[in-house]
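Novice: I would like to see how this sequence folds:
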Amino acid sequence: MKIALITDDGKTISQHFGRAQYYLVATLENGQIVNREMRDKLGHSHFASQPHEEDKTGQPHGMDADSHNKHLQMSETITDCEALLCRGMGRGAYESMKIRNIRPMVTDIASIDEAIIAYVNGQIVDHIEKLH
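Specialist: Got it, this is the predicted structure:
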């Protein structure tokens with residue numbers, strides 16, 4: 001099993017999915033971490049040069065088709081992961097991960113190692129109230 005965690009330093013989970021620079025992908029076997037891999041992550045800065053059109057469908061911010069496409073591009077490098085742990089993200093990104101069959105989890109745990117242990121033990125809480 002592989003899980004992805006958003007990070008800027010490889011030790012702590014970043015507070016904002018769109019701004020994080022990397023994914024730390026942890027491979028787990030029998031509840032133990034057997035491999036860690038840092039993967040580059042597309043973020044808001046990668047899309048800054050693209051035109052941003054106002055949403056005319058009445059969808060909340062981040063829920064329109066253009067945003068969904070960007071979220072899918074951001075998750076392209078973690079399609080082999082079953083879950084994505086972060087400390088904050090938009091509702092649109094959260095829903096896009098679910099469509100991609102990656103379980104998004106918004107945690108209040110900052111330490112990557114602590115969050116992995118909590119996830120493995122089924123003790124991590126998904127704080128959807130932190131979605132924006």
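Novice: mind checking which helix or strand of this protein has the lowest mean pLDDT?
Specialist: Least confident helix or strand of the chain, by mean pLDDT, DSSP states H and E, is helix 65-74 with a mean of 90.
Novice: who are the packing partners of that one?
Specialist: If you count contacts as 3 or more C-beta pairs under 8 Å, 6 or more residues apart in numbering; DSSP states H and E, helix 65-74 packs onto helix 91-99. C-beta coordinates here come from the backbone N, C-alpha and C atoms, glycine included.
Novice: the helix it packs on: which residues count as buried?
Specialist: Gly92, Ala93, Tyr94, Glu95, Ser96, Met97 (16 or more other C-beta atoms under 10 Å).
Novice: of all those residues, which two lie farthest apart?
Specialist: Gly92 and Met97 (9.9 Å; C-beta to C-beta).
Novice: find residues that contact each of these two.
Specialist: Each of His71 lies in contact with both Gly92 and Met97 under the rule C-beta atoms under 8 Å, 6 or more residues apart in numbering.
Novice: tell me the one of the buried residues of helix 91-99 nearest Ser75?
Specialist: For those, the nearest to Ser75 is Met97 (6.2 Å; C-beta to C-beta).
Novice: excluding its backbone neighbours, what's nearest the closest one?
Specialist: Pro104 (4.1 Å; C-beta to C-beta, 6 or more residues apart in numbering).
Novice: nothing else from me, thank you.
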